[in-house]
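J.: Predicted model and sequence below, questions to follow.
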Amino acid sequence: MGKQYLIDSNSVIDYLSGKLHVNGMTFMNQIINEIPTISVITKIEVLGYKTTNEATQLLESFIQDSIVVGLSEEIVDKTIEIRKMYNTKIPDSVIAATALVYNSILITRNLKDFQIIKGLECINPHAI
């Protein structure tokens, strides 16, 4: 596709549960068909809830097929900068920092919390 994308937790869940409309699913299929990239925070969030065995297997399979970006010093420093500037929650700050450090577009339905962060490009798969 040319562009790099980082997928937020809510978009992973919406995609895997089929909650996106046709255009959103088509867009996400293109991203997922390449190797999807997520933050370690997204891994923690999507695997940290009790679900059915079937849902857990689906989520674990998705995570195994993804690139999970951990916390490098650069991401930690950027997270601190974002927290100080925008007073965002730590998980959102880490996800935003990861997208910025990796020059990725963040795929999220939660535009409200991310659109205030300067330089962060976001796309809502529900609005495609």
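T.: Received it, and whenever you're ready, just let me know what you need. Numbering: from 1, shown residues only.
J.: Please make it C-alpha for all contacts and neighbour counts, starting now.
T.: OK.
J.: Just give the closest residue to residue 67, not the sequence neighbours.
T.: Spatial nearest neighbour of residue 67, chain neighbours left out: residue 37 (4.6 Å); criterion: C-alpha to C-alpha, 6 or more residues apart in numbering.
J.: again, but for residue 101
T.: Residue 101 sits nearest to residue 75 (C-alpha to C-alpha, 6+ apart), 6.5 Å away.
J.: helix, strand or coil for the one you found?
T.: Secondary structure assignment for residue 75 (DSSP: H, G, I helix; E, B strand; the rest coil): helix.
J.: Same check on the one 3 residues further on?
T.: Three-state secondary structure (criterion: three-state DSSP) places residue 78 in helix.
J.: secondary structure class for the residue nearest to it when sequence neighbours are not counted?
T.: Leaving aside its sequence neighbours, residue 78 sits nearest to residue 97 (C-alpha to C-alpha, 6+ apart; 5.3 Å). Three-state assignment for residue 97 (three-state DSSP): helix.
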